[in-house]
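>>> Attaching a predicted model along with its sequence, questions to come.
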Amino acid sequence: MAPCFGEIWTAPGEKPYLVGYRCQGCGAAYIGEGRVGCSKCTSTQPLKEIKLSERGSLYVYSIVHQSVPGVPVPYVSAIVDLPEGVSVRCNLVDIEPDPAKIKFGMPVEMITRKIRERKEKNAEGAEETIEIIAFFFKPSQN
Ligand SMILES: [Zn+2]
């Protein structure tokens, strides 16, 4: 599975979603933790955590033919625009890595997939398998 970056929130019984942050001064939205203020209006009020839409549109992409060992190529690296005004760096999946099949502005939706497992000891000392999931975007039907 190809690498993916960003942040995703999961809670038991709830569909995973991307977490964003909204400026309470001007309403600008961001993705990524650790922001101390708004770069649009310079407000330093704490940003409010928001749930980002799972549907967006493909802004730009690149077909990656060479990567680090262990990462299967080719894969499609993309930036997806969400209605909140946030751009998300991700990989586009479930589509042929062929420029004839990928359209700028095409509707896409977020999915998550397990990318690996990790064994961890829980509080009682028993070994647990932790699933590591990552988000991707795939072409959407509507
Ligand atoms: Zn702002």
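Perfect, thanks for sending it.
>>> CA atoms only for the lengthiest strand in the chain, dumped as CSV, please.
Counting by DSSP state E, the longest strand found in the chain is strand 107-121. Output of strand 107-121 as CSV, limited to C-alpha atoms (Å, rounded to 0.1, in the frame of the first residue of the first chain):
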residue,chain,number,x,y,z
PRO,A,107,-15.7,14.0,-7.7
VAL,A,108,-13.9,11.8,-5.2
GLU,A,109,-14.7,10.4,-1.8
MET,A,110,-12.6,9.4,1.2
ILE,A,111,-12.1,5.8,2.2
THR,A,112,-9.9,4.1,4.8
ARG,A,113,-8.0,0.9,4.5
LYS,A,114,-5.9,-1.1,6.9
ILE,A,115,-2.3,-0.7,5.8
ARG,A,116,-0.6,-2.9,8.5
GLU,A,117,-0.9,-4.4,12.0
ARG,A,118,1.2,-3.8,15.0
LYS,A,119,1.3,-5.9,18.2
GLU,A,120,1.1,-4.0,21.4
LYS,A,121,0.8,-4.9,25.1
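>>> Pull up the pairing partners for it, direction included.
Neighbouring strands of strand 107-121 in its sheet, by DSSP bridges, are strand 55-64 (antiparallel), strand 127-139 (antiparallel).
>>> Who does the helix or strand bottoming out on mean pLDDT in the chain pair with, and is each partner parallel or antiparallel?
The helix or strand of the chain with the poorest confidence is strand 8-9; it has a mean of 74 (mean pLDDT, DSSP states H and E). The pairing partners recorded for strand 8-9 under DSSP bridges are strand 17-22 (antiparallel).
>>> How about the contacts made by residue 128?
Contacts for residue 128 (C-beta atoms under 8 Å, 6 or more residues apart in numbering) come out as 119, 120, 121, 122. (C-beta placed from N, C-alpha, C; glycine too.)
>>> what about the last one, neighbour count?
Other residues near residue 122 come to 9 when the count uses other C-beta atoms under 10 Å.
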